[in-house]
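Student: Sequence first, predicted model second:
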Amino acid sequence: MLISGKLGTGRPSIKHVIWIFCIALFVRSIYVYIFVESSYFLSEDQTLYIQLAYQFQSSDFLGVTPQRVPGYPLFLSTIFSVAGKGLWNVVFIQILLDSISCVVIALLAKSIFGRGFWIAGVLSAINLNMVVLSATLLTDTLFLFLFVLFLFSLFQYLKTKSIKWFFFLVLFITLATLVRAVSYYLLPILLIAILSWRFWQKDSGLKIIKLTVLYLSVVGILLGGIHQRNYQQYGSTAFVSQTGAAVLGWIVPAVYQYSGQGSYQQGQKLARSKLNLALQRDHLEGLSSNPFVSSNYQTNIGKEILFELGFVKVLKAWTIGSVINILSPSVAYSPALRSMKHPSFYEAGGNGVFEKLLNYIKNSDEFSYLLILSVGTIISIIFTIMALLGAFKMTSMFPFITVATLLVLVGYFLAITGPIIGVKYRLPIEPILILFATHFLNEYFSNKSKSLKSSGSV
């Protein structure tokens, strides 16, 4: 067996699956009932996605803005058409999907470790990041649902080499990309990795060609229309047109700050200054009305700034941003906590992460806010330590392909997020961190049981 001889053949009963689903659903329902108010749905990008969903009534699948992929607006539009335009209907369906995600994570843990179904299921059910985001009108929960199905299909394929599971893993990761473009660059990486593995397994050239054709066909059918629309209407082969705004508006200021150059606000001023100077140099009155031309222009300006800062400083900022995202408490994104009086972390002054954090704490007058944030941070650190220890233990107990696949996926999402701070950006790696923590707890309880038995025998 490919994954490990430790894989169990027994499967959890339907009763156990239902129990995990009900626990997850109960936790999410209680959270929504106590903490979530309808006014929260009108904040940040939530209103944008609601507007995009309404656009489907007067446009087709490709009629929405090229800045966003159409998967989530289509999801919302479908719910509005079937169940009415009540926003609570969306939340209800999302907490159902998130509860199913908890079950799939538990089944994945059982498949890989041969045990840990309950541990992984309960950890998923009470994972606050999953709970909080399931009650927002954002892409995260739907993306995670599809990504978890991809993970399960991927490991089933690694175990069985079945073409059925290969098809499902390609299908689910491509559908996830239709919901969030963050996994777009994972598609070629995944194809190369799978073909390399199959080549290492000494598969025939014909079989590898068939897998390649199937992979490209699924991706082409689901994503080809977007590329065709972008090329015909905008003359671009890019997938979305939001890259430039993200690079210049978020990544550059974050790199500037976390590399020790100055505050986040100074990084924003630098980005605006460089953009204005570039426009003057190129004799332009403003950015192009073509969103892809505008995006490319901003991206190039951002790249110039990053190259001037240098590789070492960029790497430092990326590392600090990744560490902050992993250790940040999920409770920080809860609307109940965010409704308390508190300063903005992005707007807090400081020339480095520690100075920024110190100023953030000094400017927080609400003691209860700091207390909840501190407790959440401690819990997050403990969970992260368990996950790291679990990952370390797995390196000596499971085949390279198993551990490497999980670590590469974690590395990919940390790299693609970069220094942009926010617990929501950690959500794609939460299932993998749960798997690592599950393995740690599996070993801990197993060793404790052996110790007790040994003491009893003496």
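Tutor: Right, received. Where do you want to start? In this text the structure is predicted, and so the values were computed from the model without any measurement.

Student: confidence score at the residue lying closest to residue 395 once chain neighbours are set aside?
Tutor: The shortest distance from residue 395 to any non-neighbouring residue, by CB to CB, 6 or more residues apart in numbering, is to residue 403 (5.3 Å). Using the backbone N, CA and C atoms, a C-beta is placed for each residue, glycine as well. Predicted confidence (pLDDT) for residue 403: 95.

Student: what's the answer for residue 430, then?
Tutor: 97.

Student: Backbone dihedrals for the closest residue to residue 313 other than its chain neighbours, please?
Tutor: Nearest in space to residue 313, with sequence neighbours left out and distances taken as CB to CB, 6+ apart, is residue 259 at 3.6 Å. Phi and psi for residue 259, reported as degrees, to the nearest 10, are phi -90, psi 0.

Student: Can you get me a residue count around residue 259?
Tutor: 24 (other CB atoms under 10 Å).

Student: what's the answer for residue 278, then?
Tutor: 15.

Student: which residues touch it?
Tutor: Residue 278 makes contact with 297, 301 under the criterion CB atoms under 8 Å, 6 or more residues apart in numbering.

Student: now with 7 Å?
Tutor: By CB atoms under 7 Å, 6 or more residues apart in numbering, the residues touching residue 278 are residue 301.

Student: again with residue 199
Tutor: Residue 199 touches residue 208, counting by CB under 7 Å, 6+ apart.

Student: Residue 29 now?
Tutor: Residue 29 sits in contact with residue 95, where contact means CB under 7 Å, 6+ apart.

Student: about what we covered before: and the residue nearest to residue 395, how many residues sit next to it?
Tutor: 18.

Student: ok, back up a step: so the residue nearest to residue 313 makes contact with residue 315?
Tutor: No. Assessed by CB atoms under 7 Å, residue 259 is found out of contact with residue 315, at 8.7 Å.

Student: per-residue confidence at residue 1?
Tutor: With respect to pLDDT, residue 1 scores 34.

Student: what bits of the protein have low per-residue confidence?
Tutor: 1-10, 61, 342-354, 356-357, 359-365, 455-458 (pLDDT under 70).

Student: What separation is there between the closest residue to residue 234 other than its chain neighbours and residue 26?
Tutor: Setting aside the residues directly before and after it, residue 234 is nearest to residue 292 in space (CB to CB, 6+ apart), at 4.7 Å. Distance from residue 292 to residue 26, counting by CB to CB, to the nearest Å: 46 Å.

Student: And for residue 206?
Tutor: Distance of residue 206 to residue 26, given as CB to CB: 51 Å.

Student: of those two, who's got more company?
Tutor: Set residue 206 next to residue 26 and count neighbours by other CB under 10 Å: residue 26 wins out with 13 against 8.

Student: so where does the closest residue to residue 258 other than its chain neighbours fall, helix or strand?
Tutor: With CB to CB, 6+ apart as the criterion, residue 258 has its nearest non-adjacent residue at 3.8 Å, and that residue is residue 317. According to DSSP states H and E, residue 317 maps onto helix 311-327.

Student: Extract the CA atoms of whichever helix or strand comes after that helix and return them as PDB.
Tutor: Toward the C-terminal end, the helix or strand that comes next after helix 311-327 (DSSP H and E) is helix 335-338. C-alpha atoms of helix 335-338 as PDB (Å, rounded to 0.1, in the frame of the first residue of the first chain):
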ATOM      1  CA  PRO A 335     -17.600  40.100  14.400                       C
ATOM      2  CA  ALA A 336     -18.300  40.100  18.100                       C
ATOM      3  CA  LEU A 337     -14.700  40.900  18.900                       C
ATOM      4  CA  ARG A 338     -14.300  43.300  15.900                       C
END
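
Student: Can you give the contact residues for helix 335-338?
Tutor: 35, 36, 40, 331, 369, 372.

Student: Now tabulate those in JSON lines and tack on distance to residue 248, neighbour count and secondary structure.
Tutor: Shown next, in JSON lines, are those (distance: CB to CB, whole Å; neighbours: other CB atoms under 10 Å; DSSP: H, G, I helix; E, B strand; the rest coil):
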{"residue": "35", "distance to residue 248": "35", "neighbour count": "16", "secondary structure": "helix"}
{"residue": "36", "distance to residue 248": "34", "neighbour count": "19", "secondary structure": "coil"}
{"residue": "40", "distance to residue 248": "29", "neighbour count": "18", "secondary structure": "helix"}
{"residue": "331", "distance to residue 248": "31", "neighbour count": "21", "secondary structure": "helix"}
{"residue": "369", "distance to residue 248": "32", "neighbour count": "18", "secondary structure": "helix"}
{"residue": "372", "distance to residue 248": "34", "neighbour count": "18", "secondary structure": "helix"}
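
Student: export the residues you listed to JSON lines and tack on distance to residue 46?
Tutor: Compiled in JSON lines, these are given as follows (distance: CB to CB, whole Å):
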{"residue": "35", "distance to residue 46": "16"}
{"residue": "36", "distance to residue 46": "12"}
{"residue": "40", "distance to residue 46": "8"}
{"residue": "331", "distance to residue 46": "19"}
{"residue": "369", "distance to residue 46": "23"}
{"residue": "372", "distance to residue 46": "23"}
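
Student: excluding its backbone neighbours, what's nearest residue 379?
Tutor: Per CB to CB, 6+ apart, closest to residue 379 is residue 329, 6.8 Å.

Student: For stretch 410-417, give me every contacting residue.
Tutor: With CB under 7 Å, 6+ apart, stretch 410-417 has contacts from 182, 185, 186, 189, 322, 325, 425, 428, 429, 432.

Student: and the residues you listed, which are buried?
Tutor: Buried members of these, scored by 16 or more other CB atoms under 10 Å, are 182, 186, 322, 325, 425, 428, 429, 432.

Student: Identify the farthest-apart pair in these.
Tutor: 186 and 325 (17.7 Å; CB to CB).

Student: quick revisit: give the full set of residues in contact with the residue nearest to residue 313.
Tutor: Taking CB under 7 Å, 6+ apart as the test, what residue 259 contacts is 309, 313, 314, 316, 317.

Student: Only whichever of those are buried, select them in ChimeraX.
Tutor: Here is the ChimeraX selection string for the buried members of the contacts of residue 259, based on 16+ other CB under 10 Å:
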select :309,313,314,316,317
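
Student: Can you name the two of the contacts of residue 259 that sit furthest apart?
Tutor: Farthest pair in these, by CB to CB: 309 and 316, 9.6 Å.

Student: Many thanks, have a good one.
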